[in-house]
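Undergrad: coordinates only, sequence not included:
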């Protein structure tokens, strides 16, 4: 069976409040499942302005029109405006998604703080951020989380180890080609990784003649050949749940026509032979169309 898992990263208050309900409706229209990964603390999107000094960031911003997709108010949260507490103000939305039968997990506590700070952070900082998200998740959903997908695909060694201590069933923290057991500095972490296998819309739009009218055709070309262990596509409530919803609906229809069953990452996990998954190092590296470095599936271990 051809499987394609949909992983929805939810970064902002607006994306939670407006984008998520639209995505739920679209998924139901296309008989598709998905995993929703929540930002559970304050929305401090405005603090991402310091990324303007990162190589390649302004080029990406000019391609994907951050103001158009996120809105001026969101871009002031955490600077000129106080950041709304997403987990408190949108708990009802989150619980409704669970009530609709969708899988849920943790994206982050503070998206900007994690994405910009975790790479160089020590163990206490990393664990405090993750623990805050876990406690809020339990408050919202009444049970502990079983999966995590790192904000901005940013991780460090402490985060992988803490996922194991938290008892997570699996995670989807990086980019790669197939599921694997992660090896951190020679240490096996017993939380399997289901990496994102496909490029995201914001990495593609504005590159090599791709735009909102043809980017879906490009992605569908990439999925003509199925992977033995399935594809994982990451979308964002702020993009596919808002201005790019028509593109996402064309993708859903196209993947269905290609014979894919559209599933959650948890459903994909259930099809895997975990005992025979390969071991891979994890490393930080670049991905075309995205500024900075992010977590990647590295070489086979040993």
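TA: Alright, I've got the coordinates. Remember, it's a predicted structure, so these values are computed and weren't measured experimentally.
Undergrad: can you give me the end-to-end distance of stretch 228-241?
TA: Terminal residues of stretch 228-241 lie 29 Å apart, using Cα to Cα, to the nearest Å.
Undergrad: buried ones in it?
TA: 229-241 (16 or more other Cβ atoms under 10 Å). Where you see a C-beta, it was placed from the backbone N, CA and C, and this is true even at glycine.
Undergrad: what comes up buried for stretch 288-302?
TA: 289, 290, 291, 292, 294, 295, 296, 297, 298.
Undergrad: returning to that earlier point: nearest to residue 284 among the buried residues of stretch 228-241?
TA: Residue 284 lies nearest to residue 234 out of the buried residues of stretch 228-241, by Cβ to Cβ, at 17.6 Å.
Undergrad: from the chain's centroid, how far away is the helix or strand where that closest one lies?
TA: Per DSSP states H and E, residue 234 falls inside strand 231-236. Relative to its parent chain, strand 231-236 has a centroid offset of 7 Å by Cα atoms, centre = their mean, to the nearest Å.
Undergrad: could you check the pLDDT of residue 275?
TA: Per-residue pLDDT puts residue 275 at 95.
Undergrad: what's the burial count for it?
TA: Here the number of neighbours of residue 275 (other Cβ atoms under 10 Å) works out to 6.
Undergrad: again with residue 222
TA: Other residues lying near residue 222 total 13 when counted by other Cβ under 10 Å.
Undergrad: residues in contact with it?
TA: With contacts defined as Cβ atoms under 8 Å, 6 or more residues apart in numbering, the neighbours of residue 222 are 198, 199.
Undergrad: separation between it and residue 231?
TA: In this view, residue 222 and residue 231 are 9 Å apart by Cβ to Cβ, to the nearest Å.
Undergrad: strands of the stretch 151-300 of the chain, start to end?
TA: 170-171, 181-184, 187-188, 231-236, 260-263, 279-285, 294-300 (DSSP state E, counting those that start in this stretch).
Undergrad: distance to residue 184 and pLDDT for the buried residues of stretch 228-241 - can I get that in JSON lines?
TA: Shown next, in JSON lines, are the buried residues of stretch 228-241 (distance: Cβ to Cβ, whole Å; pLDDT from 0 to 100):
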{"residue": "229", "distance to residue 184": "22", "pLDDT": "98"}
{"residue": "230", "distance to residue 184": "24", "pLDDT": "98"}
{"residue": "231", "distance to residue 184": "25", "pLDDT": "98"}
{"residue": "232", "distance to residue 184": "21", "pLDDT": "98"}
{"residue": "233", "distance to residue 184": "26", "pLDDT": "99"}
{"residue": "234", "distance to residue 184": "22", "pLDDT": "98"}
{"residue": "235", "distance to residue 184": "28", "pLDDT": "98"}
{"residue": "236", "distance to residue 184": "27", "pLDDT": "98"}
{"residue": "237", "distance to residue 184": "30", "pLDDT": "98"}
{"residue": "238", "distance to residue 184": "30", "pLDDT": "96"}
{"residue": "239", "distance to residue 184": "31", "pLDDT": "96"}
{"residue": "240", "distance to residue 184": "31", "pLDDT": "98"}
{"residue": "241", "distance to residue 184": "33", "pLDDT": "97"}
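Undergrad: so of these, which two are at opposite extremes in space?
TA: For the buried residues of stretch 228-241, with distances taken as Cβ to Cβ, the pair at the greatest spread is 229 and 238 (28.5 Å).
Undergrad: surely residue 212 meets residue 247?
TA: Yes: using Cβ atoms under 8 Å, residue 212 is in contact with residue 247, at 5.7 Å.
Undergrad: tell me which of those two has more neighbours.
TA: residue 247 (21 against 14).
Undergrad: what sits against the more buried one?
TA: Each residue near residue 247 by Cβ under 8 Å, 6+ apart is listed here: 201, 212, 215, 216, 240.
Undergrad: chain neighbours aside, what residue packs nearest to the last one?
TA: With sequence-adjacent residues excluded and distances taken as Cβ to Cβ, 6 or more residues apart in numbering, residue 240 is closest to residue 248, at 3.9 Å.
Undergrad: what's the answer for residue 254, then?
TA: Among residues not flanking residue 254 along the chain, residue 220 sits closest, at 4.4 Å (Cβ to Cβ, 6+ apart).
Undergrad: which residues does the one you found contact?
TA: By Cβ under 8 Å, 6+ apart, the contact list for residue 220 reads 251, 254, 255, 258.
Undergrad: what's the burial count for the last one?
TA: Translated: residue 258. Neighbour tally, residue 258, other Cβ under 10 Å: 14.
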